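> Whatever this is, show me its structure:
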Amino acid sequence: MKTIEEFISENEEQTRDFAASCISIFKPGDIVELSGNLGAGKTFFVKSFCELKNIPNANSPSFAIVNEYAGKEKIYHFDFYRIKKNEELIEIGFYDYINDESAITFIEWGDLFEELLPLSRYVIKFGLLDNTKRKISLLKYE
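I've put the predicted structure just below:
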């Protein structure tokens, strides 16, 4: 594991700036696990990243499990929060999604089923420092 960047965000605009800095890092074929407490900024980060890629209307896939967004690049957005067992993900073709080399895949709450994730991936950890301030760490696992 290698730490690529650590960032303190005091508001949504700064979290959006962090998403902008990730545009040059994440490429099709990359898997990005997002971890942090409820309300830490995981979904906001993905929405911001998508907006910067000219993909409007990205939203939380909490009930759908996965959302697919298409623009110049394809983005898959998973939310594992409501998943109870591995089989639920396997049944919807999870491995097909993460093996799609033409898409960037974001996985909220990926730490709940880390055993299903590839060893080589990015991890963004959102830590709450107070009501508005977050520490965002970008890590690379190889």
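> Could you tell me the phi and psi values at the closest residue in space to residue 119 that isn't next to it in sequence?
The spatially closest residue to residue 119, leaving aside those adjacent along the chain, is residue 141, at 6.1 Å (C-beta to C-beta, 6 or more residues apart in numbering). All C-beta spots, glycine's among them, are computed from the backbone N, C-alpha and C. Main-chain dihedrals, residue 141, degrees, to the nearest 10: phi -100, psi 130.
> what residues are up against residue 141?
1, 119, 120, 121, 122, 123 (C-beta atoms under 8 Å, 6 or more residues apart in numbering).
> Distance of the fourth one relative to residue 72?
Yep, that's residue 121 we're talking about. Between residue 121 and residue 72 the distance is 22 Å, computed by C-beta to C-beta, to the nearest Å.
> Show me which of the two is the more surrounded one.
Neighbour count, other C-beta atoms under 10 Å: between residue 121 and residue 72, residue 121 has more, with 19 against 7.
> and the residue nearest to residue 119, what are its bridge partners?
Note on residue 141: beta-bridge partners residue 121, judged by DSSP bridges.
> Out of the contacts of residue 141, which is nearest to residue 38?
Checking the contacts of residue 141 against residue 38 with C-beta to C-beta, the nearest one is residue 123 at 18.0 Å.
> Type out the PyMOL command that picks the buried ones from the contacts of residue 141.
The buried subset of those, as determined by 16 or more other C-beta atoms under 10 Å, is captured in PyMOL by this line:
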select buried, resi 121+122+123
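> so the residue nearest the centre of the chain, which of the three states?
Against the mean C-alpha coordinate of the chain, by C-alpha atoms, centre = their mean, the closest residue is residue 106 at 3.3 Å. Recorded secondary structure, residue 106: strand (DSSP: H, G, I helix; E, B strand; the rest coil).
> Can you tell me how far it is from residue 127?
Residue 106 is 18 Å from residue 127, where distance means C-beta to C-beta.
> Please look at residue 40 and residue 130 and confirm they touch.
No - look at residue 40 against residue 130 with C-beta atoms under 8 Å: they stay out of range, at 12.0 Å.
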